[in-house]
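[1] Take this sequence and fold it.
(2 chains)
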Amino acid sequence: DTAVSQTPKYLVTQMGNDKSIKCEQNLGHDTMYWYKQDSKKFLKIMFSYNNKELIINETVPNRFSPKSPDKAHLNLHINSLELGDSAVYFCASSQDKKGEAFFGQGTRLTVV
Amino acid sequence: GENVEQHPSTLSVQEGDSAVIKCTYSDSASNYFPWYKQELGKRPQLIIDIRSNVGEKKDQRIAVTLNKTAKHFSLHITETQPEDSAVYFCAALRAGKSTFGDGTTLTVKP
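    Purely as a prediction, here's the structure:
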């Protein structure tokens, strides 16, 4: 069983479109995250949710809107996609706000 | 906010040698310091971690040291093997926010 799973694995879309990435964890963790990894491999936190509540919102354009319907899910919706949004997006979860993050396999988003 | 600096950005060693990667952080309230290994095309995975109340931790060929006063921590890999080749990230965490270093690409030559 995959601990943190995100779909889709690859996403190619045109500029201006709206797309969503879904994430689910079956570890019973309280905290979930979205990270962006750019072409230089830098990993930056975007959002952090604890028990469905947003606790961290880095300086991310408001075209990015996370949604946590329950503790096990954290989805990412992106409006009006831009070329610079091309990256690998990782979902992750941790038992609480203090510990190890378990990463999903990543979604490679390519905006053309 | 927290700032994590990681050095070197690339490191090449011969198989069997040791490798050391260093990180410094700025926020004295950070209290958890994990190290992740990311192989090409894969997800980052935890290899070792240390909390702020501990100075050193070892797991087989991997060790991490933490100097809270100087705000730096280091990853030590001994007897390196080709399968250790990957990108290594340090991170500092405080209250749900992890700040990652920029990564070190380690190449172990057979």
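[2] Is A:Gly28 in a helix, a strand, or coil?
    Three-state call for A:Gly28 (DSSP: H, G, I helix; E, B strand; the rest coil): coil.
[3] My error: substitute A:Ile55 in the last question.
    A:Ile55 is classified as strand under three-state DSSP.
[4] neighbours of it, just the number please.
    Neighbour count of A:Ile55, defined by other CB atoms under 10 Å in any protein chain shown: 15. C-beta coordinates here come from the backbone N, C-alpha and C atoms, glycine included.
[5] now swap in the one 5 residues further on and tell me
    A:Val60: 17 surrounding residues under other CB under 10 Å.
[6] Could you report the neighbour count for the residue nearest to it when sequence neighbours are not counted?
    Take A:Val60 and drop its neighbours on the chain: the residue closest to it by CB to CB, 6 or more residues apart in numbering or on different chains is A:Met46, 4.9 Å away. Using other CB under 10 Å, A:Met46 has 18 other residues around it.
[7] Show me which residues of chain B sit near chain A.
    Neighbours of chain A within chain B, by CB under 8 Å from any CB of the partner chain: B:31-32, B:34, B:38, B:42-46, B:49, B:87, B:89, B:93, B:95-100, B:102-103.
[8] Buried ones in stretch B:14-26, by neighbour count?
    Across stretch B:14-26, burial judged by 16 or more other CB atoms under 10 Å in any protein chain shown covers B:Ala19, B:Val20, B:Ile21, B:Lys22, B:Cys23, B:Thr24, B:Tyr25.
[9] One more: stretch A:58-66?
    Applying 16+ other CB under 10 Å to stretch A:58-66 flags A:Glu58, A:Val60, A:Phe64, A:Pro66 as buried.
[10] Just to check, A:Gly106 is in contact with A:Lys36?
    No. With contacts counted by CB atoms under 8 Å, A:Gly106 stays clear of A:Lys36, the gap being 10.4 Å.
[11] which residues are common contacts for these two?
    Listed as contacting both A:Gly106 and A:Lys36 by CB atoms under 8 Å, 6 or more residues apart in numbering or on different chains are A:Val88, A:Tyr89, A:Phe90.
[12] and the residue of chain B found nearest chain A, how many residues sit next to it?
    The minimum distance from chain B to chain A, using CB to the nearest CB, falls at B:Gly96 (3.5 Å). Neighbour count for B:Gly96, taken as other CB under 10 Å: 18.
[13] List the residues that contact it.
    Contacts of B:Gly96 (CB under 8 Å, 6+ apart): A:Thr31, A:Ser48, A:Asn50, A:Ile55, A:Ile56, A:Lys97.
[14] Just give the nearest non-adjacent residue to it, would you?
    With CB to CB, 6+ apart, the residue lying closest to B:Gly96 is A:Lys97, at 3.5 Å.
[15] Please enumerate the strands of the chain.
    Chain wasn't specified; assuming chain A. Counting by DSSP state E, chain A has strands at residues A:4-7, A:10-13, A:19-25, A:31-37, A:43-50, A:53-57, A:64-70, A:73-78, A:87-94, A:102-103, A:107-111.
[16] wait, chain B
    B:4-7, B:10-14, B:19-25, B:32-38, B:45-51, B:56-59, B:62-67, B:72-77, B:86-94, B:97-100, B:104-109.
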